[in-house]
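*Asks:* Sequence first, predicted model second:
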Amino acid sequence: MFEDGMGAYRLDDYATALKIWRPLAEQGDAVSQFSLGFMYAYGDGVKEDHSEAAKWFHKAAEQGHAASQYYLGLMCYYRGRGVQQNHAEAVKWTRKAAQQGHAEAQANLGIMYANGDGVPQNFAEAENWYREAAEQQEANAQNNLGVMYANGDGVTENQSEAAKWFHKAAEQGDASGQNNLGVMYAEGRGVPQNSVEAVTWWLKAAEQGYVYAQTNLGSMYANGEGVPQDNAEAAKWYREAAERGDAEAQYNLSILYAEGRGVPVDHGEALKWWHLAAAAGAEGTRTNRETVATLIAPDQFDEAQRLAREWLAKHQQ
C-alpha cells in the first residue's frame, strides 16, 4: 500500500498519495507518518502546516524512524517550526538520527558541536561526527572536516589533509568545498601552488552563485593570474558578488568604475559602490573615497549616496 502512495506522489498526484498514506499513518506506520509530515512541511497537496508536520514527524521519530528524527530535530526544534524553538531538543533528536547512521544528521550534529549550539562546544565531538558523515560521502561534512584541518580546530593542523577533504567535497559539487580548494591551490597550501587550478575551482563555485568565489575570480581576471588579464570579466564577477553584498567586491568594483577599467568611467557608480563597501567595513575605502570624491561634483556625490541608500534598503528587506 505504501508504495502505491509513493507512485502517486512521484506523479504529483498528491490527493491519491494522501488518501493512501493517512490511514496507514493513523495505524502507526512510521514511514507513512514521515511522508505525511513531509507533505505538510512543504505544502504538497495540503496547506502548509508546520504544526501538523511536527506532529507526524514526532510520531515516526518516537518509533525510531531516522529521517523523522532528523527532520524533527533540524526543521522543527532547531528552526522553531511547528514547535517552540529549542536547540537542546534539536540536538537530542539529531543525535538519535546520527546514531542510526543518518549522514545529514551526523553532519549537522558536527556543526552543533563545532558552534556550541545546544551543546557545549567540543571540537573533538565535531570532528568525530563530521568524519562519520564524510565517510558516507556527505559533502558538507567533508568540507567542514577540511576546514578543521586547515585551521587546526580540534585536530592537528594539516594542510594536505584539509586539501584532501576539500577535494572530495568539491568533486561532489559542493560550492564551499570548491571555493576552499581554490584557495588552497592559489596559496599552495597542502597542494602545489597552481593559479590555473585555483581559477578552475573558483569558476565552478562562482557559477553556483558562491559569493567569495566570485570575488576571488574577479581578482584573478583583474590581475591576470591563472587566466589572461581581462578587466571586463573582472568587473562582471565583482558585480555578481557586489550585488550579493560582498564588501571586497563592492570596493574593487568601485575602483574599476573610478579608473574606467573594464567598464566606462563613472565616478557616481564608483562612489555608490564605495559607500556600500564602507558601510560593510571594507578595508581601504577611506583612501578610495577621497580619490573618487575629488573627481566628481557635489550633486553627483549626493546622488551616489542616495543610490547607495536605495540599494541597501532593497537588499536588507
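*Replies:* Yep, that arrived. Numbers count the residues shown, from 1 in each chain.
*Asks:* OK, contacts around Ala30?
*Replies:* Counting by CB atoms under 8 Å, 6 or more residues apart in numbering, Ala30 touches Lys59, Ala60, Gln63, Gly64, His65, Ser68. The way it works is simple: take the backbone N, C-alpha and C, and place the C-beta from them, glycine included.
*Asks:* The same query, at a cut-off of 7 Å, please.
*Replies:* Shown here is Ala30, whose contacts under the criterion CB atoms under 7 Å, 6 or more residues apart in numbering are Ala60, Gln63, His65, Ser68.
*Asks:* Just the ones in helices from those residues, please.
*Replies:* Secondary-structure check on the contacts of Ala30 using DSSP state H: residues within helices are Ala60, Ser68.
*Asks:* are any of the contacts of Ala30 buried, and which?
*Replies:* If you count burial by 16 or more other CB atoms under 10 Å, the buried members of the contacts of Ala30 come out as Ala60, His65, Ser68.
*Asks:* And the helix or strand hosting Leu181, what's buried?
*Replies:* With elements delineated by DSSP states H and E, Leu181 resides in helix 175-187, which encompasses its position. Within helix 175-187, the residues that count as buried by 16+ other CB under 10 Å are Ala175, Ser176, Gly177, Gln178, Asn179, Asn180, Leu181, Gly182, Val183, Met184, Tyr185, Ala186.
*Asks:* nearest to Leu74, of those?
*Replies:* Among the buried residues of helix 175-187, Ser176 lies closest to Leu74 (CB to CB), at 18.4 Å.
*Asks:* Now do the phi/psi pair for Asn122.
*Replies:* phi -150, psi 100 (degrees, to the nearest 10).
*Asks:* same question, Asn143
*Replies:* Dihedral angles phi and psi of Asn143 (degrees, to the nearest 10) take the values phi -60, psi -50.
*Asks:* wait, what's in contact with it?
*Replies:* Under the criterion of CB under 7 Å, 6+ apart, the contact partners of Asn143 comprise Trp165, Phe166, Ala169, Asp174, Ser176, Gly177, Asn180.
*Asks:* how about the nearest residue to the fifth one, chain neighbours excluded?
*Replies:* Which is Ser176. If you skip the residues right next to it in sequence, Ser176 has Asn143 as its closest partner in space, 5.0 Å away by CB to CB, 6 or more residues apart in numbering.
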